[in-house]
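Visitor: Give me coordinates for this.
(2 chains)
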There are 2 protein chains.
Amino acid sequence: MKLNDRGLLIVISGPSGVGKGTVRRALFNMPKHNLTYSVSMTTRDMRPGEVDGVDYYFVKKEEFAQKIKEGKFLEYAEFVGNYYGTPLDKVNEQLDKGNEVVLEIEVEGAQQVKNKVPDCVMIFIAPPGKQALYDRLRNRGTESEEVIQQRIEKANREFQKAYLYDYIVVNDDVNNAADRIMAIIRAEHAKTERSIHAYMEMIGENNNSIDKP
Amino acid sequence: MKLNDRGLLIVISGPSGVGKGTVRRALFNMPKHNLTYSVSMTTRDMRPGEVDGVDYYFVKKEEFAQKIKEGKFLEYAEFVGNYYGTPLDKVNEQLDKGNEVVLEIEVEGAQQVKNKVPDCVMIFIAPPGKQALYDRLRNRGTESEEVIQQRIEKANREFQKAYLYDYIVVNDDVNNAADRIMAIIRAEHAKTERSIHAYMEMIGENNNSIDKP
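Guide: I've put the predicted structure just below:
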């Protein structure tokens, strides 16, 4: 029995190359969860096989621009001429249903989310060491030394942002990291600040909560 | 891999009759934990079969009084002419070894602990409903209606103290409650405020953490 029935907005972020996507997939592969993954909105063209509302919500640039003006994105960014964003209303729908919404985003976008939804749960995925991350960035592909150096400098800037997060989870082992995130979600639901209202109602004079299933 | 290697001081408390002891025992029966239970100090006489340092630390009243003066108790209380207290140095020894120390104490004592160790983890065990607790208090023994009423009034005062805790865990099912406490312990270790120092060291220029086991 949990006192706080609303879902949590879970932000999974961290430096490029740390394995955010792998951790997120491990999290979604765990049994018995009510995690939902937020579908982004984009202005880019739909590709063959993609489904509107599943892969992305596909909209025209004017519609996207209007939504930005109206503050309807949790976060958004431009990438090679197209916009990508997380629609706030879709996220709230899931949270109201009691589902947790997981966002896997870059360090820059994470701070936008915290500003919009202060009670979101911010998780920073850290590598087991700086060198481990450099090695991953280096071994990823066949990029030039210049591109690799740019990536390392970006990672170095992102490393410094960990203090802005609620939790730091080391990705030394992907299942261990996913386990720890699941523990964080359970613990967050038990936090007094999230559950004190339901608790006070429960112990109220006219409560009949013991009759509920 | 956890960034914060020091143990946590876990305070398990809640109204009389809520099942704190049962939850604590379920917690200690879980596999793979490094929980330790704090041994109290007392001025009462040792009983046959009891072992000093295992059941209690047995001391004379003068020694106990001196320790109170020197602020060497996390919390203490008098009960039918004898003193009972939690020695701070023993708790710190365990925490330094990386063990979690669990205290199962009354609501009154819990606040003393929070004042002494502000970064302890305060967990309030709540019944699934007010009536459920009343029923338990009533069915416990063969006490008079007067004694039962006193207990209910005490529980009603203790109910109001939940807001002073970090977490509220409902004891609807003892294993579920113990599971949730274990999740809280894992999450607390990942909290940025506890792990940022170790993290900053890890990403320091001269770190060699990837070579560590």
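Visitor: can we go C-alpha only for contacts and neighbour counts from here?
Guide: Will do.
Visitor: And the helices in chain A?
Guide: For chain A, the helices identified by DSSP state H occupy A:20-28, A:61-69, A:88-96, A:107-116, A:130-139, A:145-159, A:174-190, A:192-202, in order along the chain.
Visitor: Just the residues contacting the third one, thanks.
Guide: When contacts are defined by CA atoms under 8 Å, 6 or more residues apart in numbering or on different chains, helix A:88-96 is touched by residues A:6-9, A:36, A:38, A:72-74, A:100-101.
Visitor: Would you list the buried entries among those residues?
Guide: A:6-9, A:36, A:38, A:72-74, A:100-101 (16 or more other CA atoms under 10 Å in any protein chain shown).
Visitor: Mind putting the residues you listed into CSV with distance to B:Ala132 and pLDDT?
Guide: As requested, the buried ones among the contacts of helix A:88-96 are exported to CSV (distance: CA to CA, whole Å; pLDDT from 0 to 100):
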residue, distance to B:Ala132, pLDDT
A:Arg6, 25, 90
A:Gly7, 27, 94
A:Leu8, 29, 96
A:Leu9, 33, 96
A:Thr36, 34, 94
A:Ser38, 39, 86
A:Lys72, 45, 93
A:Phe73, 45, 94
A:Leu74, 42, 93
A:Glu100, 30, 95
A:Val101, 34, 96
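Visitor: Among the residues you listed, which ones are in strands?
Guide: A:9, A:36, A:73-74, A:100-101 (DSSP state E).
Visitor: does A:Tyr163 really touch B:Ile196, like I thought?
Guide: Yes - contact between A:Tyr163 and B:Ile196 holds when scored by CA atoms under 8 Å: they sit 6.6 Å apart.
Visitor: anything in the least confident helix or strand in chain A by mean pLDDT near chain B?
Guide: The least trusted helix or strand in chain A, going by mean pLDDT, DSSP states H and E, turns out to be helix A:130-139, with a mean of 82. Yes - using CA under 8 Å from any CA of the partner chain, helix A:130-139 reaches chain B at A:130-132.
Visitor: and which of those residues is nearest chain B?
Guide: Sorting those by how near they are to chain B, with CA to the nearest CA, puts A:Lys130 at the top with 5.2 Å.
Visitor: And for that closest one, the neighbour number?
Guide: Neighbourhood size, A:Lys130 [other CA atoms under 10 Å in any protein chain shown]: 22.
Visitor: pretty sure it contacts B:Ile203?
Guide: Yes - using CA under 8 Å as the test, A:Lys130 is close enough to B:Ile203 to be in contact (5.2 Å).
Visitor: Name the residues contacting each of those two.
Guide: Listed contacts common to A:Lys130 and B:Ile203 are nil; contacts here mean CA under 8 Å, 6+ apart.
Visitor: Does A:Ser13 touch A:Glu108 like I think?
Guide: No - contact criterion CA under 8 Å: A:Ser13 and A:Glu108 do not qualify, at 9.1 Å.
Visitor: So these two - more neighbours on which side?
Guide: Shown here are A:Ser13 and A:Glu108; by other CA under 10 Å, A:Ser13 has more neighbours (28 against 15).
Visitor: what about that one, distance to chain B?
Guide: Separation of A:Ser13 from chain B (CA to the nearest CA, to the nearest Å): 14 Å.
Visitor: For that residue, name its beta-bridge partners.
Guide: With DSSP bridges applied, A:Ser13 shows beta-bridge pairing to A:Phe124.
Visitor: Buried ones in stretch A:152-162, by neighbour count?
Guide: Along stretch A:152-162, these residues count as buried under the neighbour rule (16+ other CA under 10 Å): A:152, A:155-156, A:158-159, A:162.
Visitor: Looking at the residues you listed, which is nearest A:Lys116?
Guide: A:Lys116 has its nearest neighbour among these in A:Ala162, at 18.8 Å by CA to CA.
Visitor: In contact with that closest one, which residues?
Guide: Residues touching A:Ala162, when contacts are defined by CA under 8 Å, 6+ apart, comprise A:14, A:124, A:168, B:192, B:196.
Visitor: which parts of chain A sit against chain B?
Guide: Residues of chain A lying near chain B (CA under 8 Å from any CA): A:1-3, A:128-132, A:159, A:162-163, A:165-170, A:172, A:180-181, A:183-184, A:186-187, A:190-193, A:195-196, A:202-204, A:207-210.
Visitor: List buried residues within those.
Guide: The neighbour-count test (16+ other CA under 10 Å) marks A:2-3, A:128-132, A:159, A:162-163, A:165-170, A:172, A:180-181, A:183-184, A:186-187, A:190-193, A:195-196, A:202-203, A:209 as buried among the residues of chain A next to chain B.
Visitor: show me where pLDDT drops low in chain A?
Guide: Applying pLDDT under 70 to chain A flags the ranges A:1-2, A:140-142, A:205-213.
Visitor: A:Phe87 bridge partners, please.
Guide: That one is not Phe; residue A:87 is Pro. On DSSP bridges, the residues paired with A:Pro87 through beta bridges are A:Phe73.
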